[in-house]
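**Student:** Quick one: sequence and predicted model below, then my questions.
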Amino acid sequence: MTGPAAAGTGALLEVSGVTVRLAVEGARRPVLREVSLDIRPGEAVGLVGESGSGKSMTARAVGRLLPRGAEVTGTIRFAGRDVAGLSGAELRGYRGQVAMIFQDPRAHTNPVRRIGDFLTEALRTNQGVPAREATQRAVDMLAQVGIEDGARRLRQYPHQLSGGLLQRVMIAAALLTGPRLLLADEPTTALDVTTQAEVMAILDDLRRRLGLGMLFITHDLELAAAICDRTAVMYAGQIVEIRESALLHSDPLHPYTAALAAARPDIARTAPRLRAIPGRPLSAFEAPEGACSFAPRCAHAEDRCRATAPGIIELDGGLSRCLRARDLRGQLGGEPEHEARPGQPAGPLEAADA
Amino acid sequence: MLAASLLIASFVIFAAVYLAPGNPISALSGGRSLPASSVALLEQRYHLNDPFFVRYWYWLDGALHGNLGISITLREDVSTLIASRIWTTAGLVLYASLLIVVFGIGLGILSGLRPGLVDTGTLMVTAFSAAIPAFVAAIVLILLFAVRLRWFPALGNGTGFLDNVRHLTLPAVALAVSSLAIVARVTRATVREEAGREHVQTAVSRGIPARQLIRRHVLRNAAIPITTITGITIASLIAVAAVVETAFSLNGLGAYLVQAAESKDLAVVQGISLVLVTAFVMVNLIVDLLYAVLDPRVTLGSRAQ
Amino acid sequence: MSAATLTPQKRGQAVLAARARPLGQLRATGPAGIAAACAIAAATFLAVFGAVLAPYNGNLADLSLAWVGPTGGHLLGFDFQGRDVLSRLLAGARTSMLGPFAVVLMSMTAGTVLAVTSAWRRGLTDSVVSSGLDILFAFPGILLAVLATAVFGPGLTAASIALAIAYMPYVARVLRGAALKERSQPYVAALEVQGAPATVICLRHLVPNMMPLIVAQATIMFGWAMVDLAAISFLGLGVQPPSPNWGVMISENQTGIMQGYPLPALAAGICIVVVVIAFNILGERLFARAEAERA
């Protein structure tokens, strides 16, 4: 099932009903369940969720970077072509079109090879670009990400650059192959706060200028909303909401989104107590089959939520995986009251008070 | 640092003679009684009437100029005796090193990159052979290949280059067996570890073809720990060669060292010990250099492991 | 229950509970570990009681029986001097196990003391000790042992002490890392603030927390010491004939290999290999557990 706005033919990326199973401690367990989303050319879609929600796994599925032995059902189409069937030279061509930016730049660069090697490797190998030209393009791209003395940097090794610089290099490397879609997996999480803002600005700016699509993965709802046109929220391996970013705060369609938005401490206000979501986030393989996976932690759950697995409902240009989405329209936005109901498991902050 | 090691090692070797019970003369003569003229000669040659460190200086100076004293038992220059035997030992160690590098690293890479039957087989075989001491390997090899199959000679050096190589084969295998297993295991583990690293994922995500991936990102990175363990292992061969030479009756430095130790020919023991320790330190030095070359993150002399 | 899903308190409790039951620890090393431990126990038992259990006098030579193969009552036949091989093997377990034991005891003690001291004091003491140990690295064990026997005469004592000295820097290096890590734990600072003297903290807290690593290292080292000492005895510089010893037996009976009587030498070789493999397997498993515990 694809999003409401995509006509199917115009989408750059179409993920339809993708379920991914991995061998976890012997058994095959799902890490993604029926994930569907789409990205139009030039559109940035955010993917937000807590640890274990499956957001990284989604990017990996799109990028064909799943671990060996992963079972994938459903389809992923890029520019209309099915990605799962690609192999060999076609797969390498696809990888040139879809570039991934990873979270920890230091772990994701080879420490014994120079920056120049890192930047130009794909160009020289896959696109047959001669070394001199590749180097020149690398220097130009470094300038675009705000690194001026590119020629000198090319000769350096990763350990000689700071985290922020290295992440800019990673972004430059991703852009050098001329991709049409960026998969950014928490690109700023490993950096300190001031550097985060810089790198984010560069990424956003370049993306818009080059007209690239982007899947932006983060645990920070605000950040996603700030730079993405639409944002998808994941929980326990499923998409629970897709909404225009601007409406995410004021008019969310799923209780989890509302809770995420409310849980973030706001620097401008003082509150008597941090609002935590009671309980702990579930991974996909822990979620029950025939029920809503968020029900145990949800302030609005009813009996039917624990008895039926909710499907996707279209509402007002967005999507929601909540049985009560229509009922709760208008109640979820703004400042929802979010105390734990009696009998609910308490989260760490609640328990500390008791 | 290694130069300091060498210096102190030479001092220990030198001083050892004086640790022996009894006076230096009896130590040098191995307890044999000597005529007065010989005693006077020894006193003069070894500067026994001079202070300790002066004696050390004379010895060291002599050693650096190739003069290592005289063998009591054979009455020849120690340096000459060493020179005639050094090629056997060097050949043996080189031959064994070749086997270790080619088969040990090769096997390790193969089983590291391909999980499955090859891998399990390698693990089992190496677990077993890593525990086989060189002299046990020696007798098994002699039994199988020299006595039963008659493919190789059992003892001695042989004459002429090719015959020498033939005679050195079983000893080299015996020497290499357990080290080969260790190098193979470490290589396998290292290759596995490097293949699982995140930067390899990055290269995959950019469509780098498999062959290139393995060469430039897995093996190149694995080369660092592999070189270190191979170097250390080869250095240890220098000492164990003595055991293998004795088992196969080869006239190398190691076997001669053992004979000299038994007959208390201390000048020879000192001389050969010095040569062997120097060789050991040299190999370690080469490993350090290679490590600094291969890994741009380290500066010379800071090898952690 | 993987360590990752436990809270720090639960993990600590699990570690303590596991430590209190050494047999449980052993069981956790898997079937191979248990088999290895059994082999080691058997060898130790023989080391103590071997000579008594031997069916015949292993030192009784009868040249007319030289090289005779296995016959009734003499399961492994006779060696080059007509002595019963099985009896010699059983009696030889003592020196073959005792030497490595002494080496391990000496080098582990000295190495632990040095590692803990230099980790505790840090600064100058650490640099001096580390440099000193680095220099010792220049001496391969066997070489030092040969040198020692040349100076002090052949025998197990000189060789064992020499090997212990040669192994010590390795022990100290491995343990120093662990000691440094322990030393920087908050509980150590807490104890210091309470005024506990350094020796007490080290002995009562630091060392016990490093115990899994120490035991693992000692186990693997036993294997190396056994190989090296057997080699020294094989060379004729260790245990002297006619004392029974596995390494000596190989060298004594080597001529048998070429004359078609391989059994005595092979039997001794197999004993050595089996015990060394056992120590290697157990040691590797113990190492893996020590690593997992501190992860």
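**Tutor:** That came through, no problem. Numbers count the residues shown, from 1 in each chain, chains lettered A, B, ... in the order given.
**Student:** Kindly report the residues of the stretch 201-305 of chain B close to chain C.
**Tutor:** B:235-236, B:238-240, B:242-243, B:246-247, B:257-258, B:260-262, B:264, B:266, B:269, B:273, B:276-277, B:280-281, B:284 (CB under 8 Å from any CB of the partner chain). No exception for glycine: its C-beta is placed from N, CA and C like everyone else's.
**Student:** mind running it again at 10 Å?
**Tutor:** Within the stretch 201-305 of chain B, the residues that sit near chain C (CB under 10 Å from any CB of the partner chain) are B:232, B:235-247, B:249, B:254-255, B:257-266, B:268-270, B:272-273, B:276-278, B:280-281, B:284, B:304-305.
**Student:** A:Asp38 belongs to a strand?
**Tutor:** Yes: assessed by DSSP: H, G, I helix; E, B strand; the rest coil, A:Asp38 belongs to a strand.
**Student:** So what sits opposite it in the bridge?
**Tutor:** Beta-bridge pairing of A:Asp38 under DSSP bridges involves A:Glu14.
**Student:** Please report how far it lies from chain B.
**Tutor:** Per CB to the nearest CB, to the nearest Å, A:Asp38 is found 21 Å from chain B.
**Student:** Ok, A:Thr75 next?
**Tutor:** Distance of A:Thr75 to chain B, given as CB to the nearest CB: 21 Å.
**Student:** Adjacent strands (with direction) for the host helix or strand of that residue?
**Tutor:** Element membership for A:Thr75 (DSSP states H and E) is strand A:71-78. Strand pairing for strand A:71-78, determined by DSSP bridges: strand A:13-24 (antiparallel), strand A:81-82 (antiparallel).
**Student:** nearest to B:Leu64, of those strands?
**Tutor:** Ranking the strands paired with strand A:71-78 by their distance to B:Leu64 (criterion: CB to CB) puts strand A:13-24 first, at 63.8 Å.
**Student:** Using CSV, write down the CA coordinates of that closest one.
**Tutor:** What follows is strand A:13-24, C-alpha atoms only, in CSV (Å, rounded to 0.1, in the frame of the first residue of the first chain):
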residue,chain,number,x,y,z
LEU,A,13,11.2,5.2,-4.2
GLU,A,14,8.3,2.9,-3.4
VAL,A,15,8.5,0.6,-0.5
SER,A,16,5.5,-1.7,-0.4
GLY,A,17,4.6,-4.1,2.4
VAL,A,18,8.2,-5.0,3.2
THR,A,19,8.7,-7.5,5.9
VAL,A,20,12.3,-8.5,6.9
ARG,A,21,13.1,-11.5,9.0
LEU,A,22,16.5,-12.2,10.5
ALA,A,23,17.8,-15.2,12.4
VAL,A,24,17.8,-13.9,16.0
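**Student:** which residues of chain B score low on pLDDT?
**Tutor:** B:1, B:20-32, B:45-49, B:299-305 (pLDDT under 70).
**Student:** at 50 what do you get?
**Tutor:** B:304-305 (pLDDT under 50).
**Student:** Identify the residue nearest the geometric centre of it.
**Tutor:** The centroid of chain B falls nearest to B:Ile238 when counting by CA atoms, centre = their mean (1.8 Å).
**Student:** Quick check, that one in contact with C:Gly141.
**Tutor:** No: judged on CB atoms under 10 Å, B:Ile238 makes no contact with C:Gly141 at a distance of 11.7 Å.
**Student:** need the residues of the stretch 201-305 of chain B near chain A, please.
**Tutor:** So the stretch 201-305 of chain B meets chain A at B:201-209, B:212-213, B:216-218, B:220-221, B:223-224, B:294-297 (CB under 10 Å from any CB).
**Student:** Which members of the residues you listed are classed as buried?
**Tutor:** B:201-208, B:213, B:216-218, B:221, B:223-224, B:294-296 (16 or more other CB atoms under 10 Å in any protein chain shown).
**Student:** got the contact list for B:Leu7?
**Tutor:** By CB atoms under 10 Å, 6 or more residues apart in numbering or on different chains, the contact set of B:Leu7 is B:60, C:135, C:138.
**Student:** any idea how far it lies from chain A?
**Tutor:** 34 Å.
**Student:** Go through the residues of the stretch 201-305 of chain B next to chain A and flag which are in helices.
**Tutor:** B:201-205, B:212-213, B:220-221, B:223-224, B:294 (DSSP state H).
**Student:** which one of those is nearest C:Ala91?
**Tutor:** The closest of those to C:Ala91 turns out to be B:Ile224 (CB to CB; 48.1 Å).
**Student:** my guess is that closest one contacts B:Tyr291, does it?
**Tutor:** Yes: B:Ile224 lies in contact with B:Tyr291 (CB under 10 Å); the separation is 6.6 Å.
**Student:** Could you pull out the helices in the chain for me?
**Tutor:** Using chain A here. Under the criterion DSSP H, chain A carries helices at the ranges A:55-62, A:88-97, A:115-126, A:131-144, A:150-154, A:163-176, A:193-210, A:221-227, A:247-250, A:255-263, A:303-307, A:348-353.
**Student:** hm, I was asking about chain C
**Tutor:** Under DSSP H, chain C gives helices at C:8-20, C:22-27, C:30-53, C:85-121, C:123-136, C:141-152, C:156-183, C:186-193, C:198-201, C:207-235, C:246-252, C:254-259, C:263-294.
**Student:** which non-adjacent residue is nearest B:Trp59?
**Tutor:** The shortest distance from B:Trp59 to any non-neighbouring residue, by CB to CB, 6 or more residues apart in numbering or on different chains, is to B:Phe14 (5.4 Å).
**Student:** same check, this time on B:Arg220
**Tutor:** That would be A:Val112: by CB to CB, 6+ apart, it lies 6.3 Å from B:Arg220.
**Student:** Kindly report the same for C:Met221.
**Tutor:** Using CB to CB, 6+ apart, the closest residue to C:Met221 is C:Val104 (5.2 Å).
**Student:** Quick one: residues contacting the closest residue to chain A within chain B.
**Tutor:** As assessed by CB to the nearest CB, chain A sits closest to B:Gly207 within chain B, at 3.3 Å. B:Gly207 is in contact with A:64, A:89, A:91-99, A:121-122, A:125-127, A:177, B:213, counting by CB under 10 Å, 6+ apart.
**Student:** make it 8 Å
**Tutor:** For B:Gly207, the contacting residues are A:91-96, A:122, A:125-126, by CB atoms under 8 Å, 6 or more residues apart in numbering or on different chains.
**Student:** Check C:Leu133 too.
**Tutor:** By CB under 8 Å, 6+ apart, C:Leu133 lies in contact with C:114, C:168-169, C:172-173.
**Student:** so what's residue 255 up against?
**Tutor:** Went with chain A since none was named. A:294, A:298-300, A:322, A:328, A:332.
**Student:** that's the wrong chain, I meant chain C
**Tutor:** Shown in contact with C:Thr255 (CB under 8 Å, 6+ apart): C:Phe80.
**Student:** Tell me how far the residue nearest to B:Arg220 lies from chain C.
**Tutor:** 24 Å.
**Student:** how about the residues of chain A that lie near chain B?
**Tutor:** Within chain A, the residues that sit near chain B (CB under 8 Å from any CB) are A:63, A:65, A:91-96, A:99-100, A:102, A:104, A:107-113, A:121-122, A:125-126, A:157, A:159, A:170, A:173, A:177.
**Student:** swap the cut-off to 7 Å and go again
**Tutor:** Proximity of chain A to chain B (CB under 7 Å from any CB of the partner chain) is limited to residues A:63, A:65, A:92, A:95-96, A:100, A:102, A:107-112, A:121-122, A:125-126, A:157, A:159, A:177.
**Student:** Give me the pLDDT value at the spatially most central residue of chain C.
**Tutor:** Centrality entry for chain C: nearest residue to the mean C-alpha point is C:Phe222, 1.2 Å, by CA atoms, centre = their mean. On the pLDDT scale, C:Phe222 is placed at 94.
**Student:** For B:Ala189, give its distance to chain C.
**Tutor:** Counting by CB to the nearest CB, the gap from B:Ala189 to chain C is 12 Å.
**Student:** and that residue, how many neighbours does it have?
**Tutor:** Residues near B:Ala189, counting by other CB atoms under 10 Å in any protein chain shown, number 16.
**Student:** and what of the one 5 residues further on?
**Tutor:** Using other CB under 10 Å, B:Glu194 is surrounded by 23 other residues.
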